[in-house]
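Participant: quick one: sequence plus predicted model below, questions after.
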Amino acid sequence: MTTSCFDREDETFIVLVNHEDQYSIWPHWKKVPGGWNAVTDDKGVQIKGDKKTVLEYVEKTWTDMRPLSLRKWMDEQAAKVVDASAVATQ
């Protein structure tokens with residue numbers, strides 16, 4: 001029985017992010033899939049390591065699971081409520 005490269009603890013992974021600010025890990029030797037970009041540190045170096053290391057990075061960094069478009073929409077809706085309540089109190 002073969003083991004997927006994603007299941008191997010000793011595999012080297014990179015961290016990916018998409019346009020919705022969603023994170024994933026990916027084997028360092030596989031081509032990055034369309035719509036995803038490798039995450040780099042402030043020096044432009046890819047975030048890379050064993051599975052445990054990159055998952056810890058993702059857990060620390062990806063603190064809001066909602067897609068970016070949903071977060072923006074919710075912020076817009078909240079701003080409308082604030083604007084409406086400001087008008088109502090005048």
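Facilitator: Structure received. Numbering: from 1, shown residues only.
Participant: identify the residues contacting the longest strand along the chain?
Facilitator: The single longest strand within the chain, with elements called by DSSP state E, is strand 12-18. Here strand 12-18 makes contact (C-beta atoms under 8 Å, 6 or more residues apart in numbering) with 23-29, 32-33, 35-39, 46-51, 54, 57-58, 61. (Glycine included, C-beta is placed from N, CA and C.)
Participant: of these, just the buried ones, PyMOL syntax please.
Facilitator: In PyMOL, this line selects whichever of the contacts of strand 12-18 come out buried by 16 or more other C-beta atoms under 10 Å:
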select buried, resi 23+24+25+26+28+36+39+47+48+49+51+54+57+58
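Participant: among the contacts of strand 12-18, which are in helices?
Facilitator: If you go by DSSP state H, those have 51, 54, 57-58, 61 in helices.
Participant: and these as CSV, adding distance to Trp73 and pLDDT?
Facilitator: Below are the ones in helices among the contacts of strand 12-18 laid out as CSV (distance: C-beta to C-beta, whole Å; pLDDT from 0 to 100):
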residue, distance to Trp73, pLDDT
Lys51, 33, 95
Val54, 30, 97
Tyr57, 27, 98
Val58, 24, 98
Thr61, 22, 96
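Participant: these: which two are farthest apart?
Facilitator: The span of these, defined through C-beta to C-beta, is set by Lys51 and Thr61 at 15.7 Å.
Participant: follow-up on the earlier one: partner strands of the longest strand of the chain and their direction?
Facilitator: Paired neighbours of strand 12-18 in the sheet (DSSP bridges): strand 23-27 (antiparallel), strand 36-38 (antiparallel), strand 48-50 (antiparallel).
Participant: what angle do it and helix 51-61 make?
Facilitator: Here the directions of strand 12-18 and helix 51-61 differ by 30 degrees (axes from the mean of the first three to the mean of the last three C-alpha atoms, to 10 degrees).
Participant: excluding its backbone neighbours, what's nearest Lys51?
Facilitator: Spatial nearest neighbour of Lys51, excluding adjacent residues (C-beta to C-beta, 6 or more residues apart in numbering): Glu9 at 5.4 Å.
Participant: tally of neighbours for the one you found?
Facilitator: Counted by other C-beta atoms under 10 Å, the residues lying close to Glu9 total 7.
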